[in-house]
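Visitor: sequence unknown, structure follows:
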């Protein structure tokens, strides 16, 4: 597995571990319920494990994940702009997995390489040379993500 | 106004500006609604202003504020521990207003000065000398917050 | 002076101090010259001071300022998008003056309040509640910057 | 070796390299001695190496390590609370190895999974979505650390 | 009071509040004593206050302050280099008071303006444009610190 | 490959990918040209690839790389001091690859182990215990870098 594949596999596995496999059951009901911090056993997350399920995330964490997804939906700003905002924020905060995620999303919504490189410019100027190693890994991930899509078509 | 009073006044004024004065109208209805990013005019936030209301926060931001409040409600951990967690996180991230807020909350829920100083220890050791100027401002705020409460009683 | 005016005055004064008053004299000539680190006296920066001029920035710093300006010029991404990228990066890195600068630039290039609030959403979700005090000051600055422009027209 | 084992092995090996193998010899004597910055050869750190020992840490670094250990001793706050403070600070500063270390310590002093997940909540809300990849690795480490203890009993 | 004077006054007042006025009484005795976290009343810190003294820092915090001072003593590296290291670290971490402190120390140990500007270069390149507002305040502080010394001589 | 070799190989490969293989063609001509953001195909970067070359960095990014190199040239401060400044900045910002790069540079310009350990002291005191895992990896890299040079001589 190259890094593109490892990233996707680890993210999928741990999101199931954190959120539980059955996302229908995660629907937040009311704000007041958040205070209860129910630690629902993450049913379905480990389908083949015979014993009791491990403790999963609280409602607060699950709601944060929902809110995180909602923030990138189109509104006054389109999805391409929002994903670029997520990418540049991830780059200046220097989180490799967040950079990888938003590069993948940018490709999915049609951001061009020219646009990505100009986004990298802003990250580099704002964040400084400390961003460079993360840019290197981001560019390598970008090439793998483009290649994975090219392979999927053929 | 000393910093304690300025902090409270600015925070209250801007929270009204961001969230709108009528919190009842902020009730999130359903997760799917978040995607609409309704920019409700912040009715009531500027009660004496004759003209149109300025644009206020999106539902995403308003929900984040609700989630932020929910995270500190008692659960497996009690409120004292949760406020100390919020304080140490604010100290190592070096946000003076966040430190002030959590010190004020800690006092409100009965955290002693001895407990606060040991929380400062952890922040200092984890975050290093760069935390010291924030500790100084935090200690000064602590003294003002204790004094404000003593004055309110007499 | 409110914060909008203080911000502009301090920024202008210190940029003159750092870069020197005569920007024509700052033209970088060749890359190899950068190594010399000439510390040009910042001629013109303190026009009324009778004595010798204080030491100003090196060529490296002056070139960085030029590069910083160049990064926000339109290219594959338009200026509105680039300023929003600068704004969200400044918010998650929690630099009040950088936030103020990019909000001012966003207004100048026609970014709407609705677009700004969705940019704030991304900053808040990516950066967490630690961003909130900076969002408060940013919103306050936004209102002052809009008011300054409205006053200038009348 | 899984990550739990790699983490323990690397940490042990490098602490010996940094502090030297013979901790009795590290006893700080007096504050003024710190100024001498004696670079004691790390005697015993590489017991089988025939040649000269590599230069090890200064007294300043060794004392910092001692102070780091002292900060988590019980006082006005108990060890569970202190380890949770160390964990949330590590999460918002996004240091995977620090997160791993404090999760391991939390387990050792009896922190429950429910308490850990509420600590994760605070880290996520304060630090934002940028914390999520570190939470994923922390949860994976938590499962390995629990499993290692279960295996050790049987 | 300009910022140079405010900085010195606040730092002195709060260090007394945190460490207590009688530094002789702070002498750490032995490493094991650190675990006791004695919260010594900061005798002498508020000399005119009639009532009980407020709780001051723990031994851990006091020892950290001692260690912080020890780290800048001359060793294999001279004090000028060490202060420049402290300055560049403060700049990339963007702590205005730490920058002010190390600029003041640099001046005291004879660092020239040309050397300071090259240190600013490294901070700017490593840390990016987010450092610029802190550089502006640092340069303004530098001018005030040089002026204060010039005034003191005449 | 150990980490020293992996670091060098990855850095070299990605720098070619980002900057293109033919550095002569990267010469920045004039400041105004930067605004064009020409995305030159990185000719020569993938010599054996038959198809079209991938999009490489903009002129802004390429100029930043040049400026980054220029900042470490000798001036009022010598190269040893500048590399130590780069190292301490990288440590407090906790970038493993930047730490590795500057340790390697420090060795190349003759910085001794005693000097490096005192630089580590400053990083540890300023940045706190969160720096420790990065110090461990830095020390391990230092040993590998010294060993690689010793092997190259024999």
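Guide: Great, that's in hand. Model, not experiment: these values are computed from the prediction.
Visitor: contacts and neighbour counts: CA atoms only from here.
Guide: Fine.
Visitor: per-residue pLDDT, the residue nearest to the spatial centre of chain A?
Guide: The residue lying closest to the centre of chain A (CA atoms, centre = their mean) is residue A:101, at 4.6 Å. pLDDT recorded at residue A:101 is 98.
Visitor: which helix or strand contains it?
Guide: Of the helices and strands defined by DSSP states H and E, residue A:101 is found in helix A:96-108.
Visitor: could you pull out the buried residues of that helix?
Guide: For helix A:96-108, a neighbour-count test (16 or more other CA atoms under 10 Å in any protein chain shown) marks A:96-107 as buried.
Visitor: ok, now stretch A:77-84?
Guide: So stretch A:77-84, judged by 16+ other CA under 10 Å, has buried residues A:77, A:79-84.
Visitor: now do the helices in chain A.
Guide: Secondary structure of chain A (DSSP state H): helices located at A:3-19, A:59-70, A:79-92, A:96-108, A:113-127, A:132-153.
Visitor: can you put the ones you listed in CSV and add distance to chain E?
Guide: Compiled in CSV, those are given as follows (distance: least, CA to the nearest CA, whole Å):
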stretch, distance to chain E
helix A:3-19, 27
helix A:59-70, 25
helix A:79-92, 9
helix A:96-108, 18
helix A:113-127, 5
helix A:132-153, 10
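Visitor: would you turn the ones you listed into CSV with distance to residue E:62?
Guide: As requested, the helices of chain A are arranged in CSV below (distance: least, CA to CA, whole Å):
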stretch, distance to residue E:62
helix A:3-19, 41
helix A:59-70, 37
helix A:79-92, 34
helix A:96-108, 37
helix A:113-127, 34
helix A:132-153, 38
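Visitor: ok so, going back, among the buried residues of stretch A:77-84, which two are most distant?
Guide: Distances among the buried residues of stretch A:77-84 were taken as CA to CA; the most separated pair is A:77 and A:84, at 10.9 Å.
Visitor: for residue A:119, give me its contacts.
Guide: With contacts defined as CA atoms under 8 Å, 6 or more residues apart in numbering or on different chains, residue A:119 is in contact with A:84, A:87-88, C:82, C:85.
Visitor: can you tell me which two in these are farthest apart?
Guide: Top of the distance list for the contacts of residue A:119 (CA to CA): A:87 and C:82, 12.5 Å.
Visitor: for residue A:118, see how far away the nearest residue to residue A:72 once chain neighbours are set aside is.
Guide: In space, and not counting its chain neighbours, residue A:72 is closest to residue A:82: 5.7 Å by CA to CA, 6 or more residues apart in numbering or on different chains. Distance, residue A:82 to residue A:118, by CA to CA, to the nearest Å: 15 Å.
Visitor: the residue nearest to residue A:140 when sequence neighbours are not counted - how many residues pack around it?
Guide: Across the structure, with CA to CA, 6+ apart as the measure, the residue nearest residue A:140 apart from its sequence neighbours is residue F:14 (7.3 Å). Using other CA atoms under 10 Å in any protein chain shown as the criterion, residue F:14 is surrounded by 18 other residues.
Visitor: one more: residue A:70?
Guide: The local packing of residue A:70 (other CA under 10 Å) involves 22 other residues.
Visitor: also residue A:114?
Guide: Counted with other CA under 10 Å, the burial measure for residue A:114 works out to 19 neighbours.
Visitor: isn't it up against residue C:76?
Guide: Yes. Using CA atoms under 8 Å, residue A:114 is in contact with residue C:76, at 6.1 Å.
Visitor: gap between the closest residue to chain E within chain A and chain D?
Guide: Proximity to chain E, evaluated over chain A using CA to the nearest CA, is greatest for residue A:128 at 3.5 Å. From residue A:128 across to chain D, the span is 19 Å (CA to the nearest CA, to the nearest Å).
Visitor: now swap in residue A:148 and tell me
Guide: With the distance defined as CA to the nearest CA, residue A:148 ends up 22 Å from chain D.
Visitor: cool, and residue A:89?
Guide: In this structure, residue A:89 and chain D are separated by 9 Å, where distance is defined by CA to the nearest CA.
Visitor: just the local confidence number for that residue, please.
Guide: The per-residue pLDDT reported for residue A:89 equals 98.
Visitor: surely residue A:124 meets residue A:132?
Guide: Yes. Checked against CA under 8 Å, the pair residue A:124 and residue A:132 is within contact range at 7.1 Å.
Visitor: nearest spatial neighbour of the residue of chain A closest to chain E, skipping sequence neighbours?
Guide: Nearest residue to residue A:128, sequence neighbours excluded (CA to CA, 6+ apart): residue E:128, at 3.5 Å.
Visitor: could you report the neighbour count for that neighbour?
Guide: Using other CA under 10 Å, residue E:128 has 24 neighbouring residues.
Visitor: OK, contacts around it?
Guide: Taking CA under 8 Å, 6+ apart as the contact definition, residue E:128 lies against A:124-129.
Visitor: sorry, back to before: show me which of the buried residues of helix A:96-108 is closest to residue D:136.
Guide: Using CA to CA, the buried residues of helix A:96-108 come closest to residue D:136 at residue A:97, 10.7 Å.
Visitor: any idea how far the closest one lies from residue E:85?
Guide: Residue A:97 sits 31 Å away from residue E:85 when distances are taken as CA to CA.
Visitor: equivalent analysis for residue A:11, please.
Guide: According to CA to CA, residue A:11 stands 39 Å off from residue E:85.
Visitor: and the two? which has more neighbours close in?
Guide: For residue A:11 versus residue E:85, neighbours defined as other CA under 10 Å are more numerous around residue E:85 (27 against 17).
Visitor: wait, the more buried one touches residue F:120, no?
Guide: No. Counting by CA under 8 Å, residue E:85 sits too far from residue F:120 to count as a contact (10.2 Å).
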